[in-house]
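Asks: Sharing a model prediction with you, sequence too.
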Amino acid sequence: MQFNEVSDLADKFFTDFAVITEQRKKEDLKELKKSDQLVRYHAMSIVNRAQDIQKAFNNAGVTDDNVLDFDVNQYAELYKLLTEDIDKFMELSKDQERLKKERVKIVPVFTDSIQRVKTSATDLMEILRTKDTTISSDMKGKVTTGGRNVPLKNFDKRVSALVNSYNTMIGLSR
C-alpha cells in the first residue's frame, strides 16, 4: 500500500468519524432536552456552539491574518446562538433544585471558561462589525508592547479550556 492510498484512507476515516461524532452530539443533546436535563443540555450546547464557530472559521480558511474576510452576518448568527445558550445556562445554574434534580455540580472553572469564551466571541463580533482588528478585551487598561492581536488563536485556546472544564464538570457530576 502506497503512502497516498493510506493518506486517502485516513482522510476518509476522519471525515466519516467527524460525521458520526456530529450525529452523536445531536442525539445526546436531543436526549438531554427530552429528559429535562436542561443544565446539562445548555452546558453541552455551549461547547458545541463554540466549536461550531471554530469550524466555521476553519472551513472558510480564515485565520488571524485574514479574520476580516469572514462574513459578519454568518458570525452574528453563530454568536447569537452561543450567547443565548450561555445566558440560559447561567440562569438555570442558579436554580439549586434543578441542579439537585439533574445531579450537576457546577464547577467554577467551567463558569469561568464560559465567560472567557463569551468575551473572546464578543471581541470577534466587534472586530468583524467595526473592521478593527486591534479590539481585545484582555488588553483594556494594560500597557502593551504593541504585539499582534490574535483573536482566533485566543478564542481557540479558550474553547479548548472550555472543553476541558466541561469534561471535568460532567465527570464530577456522575
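Replies: Received it, and whenever you're ready, just let me know what you need.

Asks: do you know how far Lys94 is from Lys105?
Replies: 14 Å (Cβ to Cβ, to the nearest Å). C-beta: built from backbone N, CA, C; applies to glycine.

Asks: These two: who's more crowded?
Replies: Lys105 (14 against 9; other Cβ atoms under 10 Å).

Asks: Tell me the confidence at that one?
Replies: What the model reports as pLDDT for Lys105 is 89.

Asks: what's the spacing between it and Asp112?
Replies: 15 Å.

Asks: okay, now Arg49: neighbour count?
Replies: Neighbours of Arg49 (other Cβ under 10 Å): 22.

Asks: Go ahead and list the helix or strand containing the nearest residue in space to it that is not next to it in sequence.
Replies: The shortest distance from Arg49 to any non-neighbouring residue, by Cβ to Cβ, 6 or more residues apart in numbering, is to Leu82 (4.2 Å). Secondary structure assignment for Leu82, by DSSP states H and E: helix 72-92.

Asks: so how far is whichever helix or strand Ile53 is part of off the chain centroid?
Replies: Taking DSSP H and E as the criterion, Ile53 maps to helix 38-59. Helix 38-59 has its C-alpha centroid displaced from the chain centroid by 4 Å (Cα atoms, centre = their mean, to the nearest Å).

Asks: Output the contacting helices and strands for it.
Replies: Where contact means 3 or more Cβ pairs under 8 Å, 6 or more residues apart in numbering; DSSP states H and E, helix 38-59 is packed against helix 3-34, helix 72-92, helix 96-102, helix 108-130, helix 151-172.

Asks: that older thread, can you pull the contacts of the residue nearest to Arg49?
Replies: Ile46, Arg49, Ala50, Asp52, Ile53, Val117, Lys118, Ala121 (Cβ atoms under 8 Å, 6 or more residues apart in numbering).

Asks: count of neighbours near Asn164?
Replies: Look at Asn164: counted by other Cβ under 10 Å, it has 13 neighbours.

Asks: pLDDT score assigned to it?
Replies: For Asn164, pLDDT reads 94.

Asks: contacting residues for Asn59?
Replies: With Cβ under 8 Å, 6+ apart, Asn59 has no contacts at all.

Asks: domain assignment for this structure?
Replies: According to automatic domain parsing, the chain comprises the domains 1-35, 36-172.
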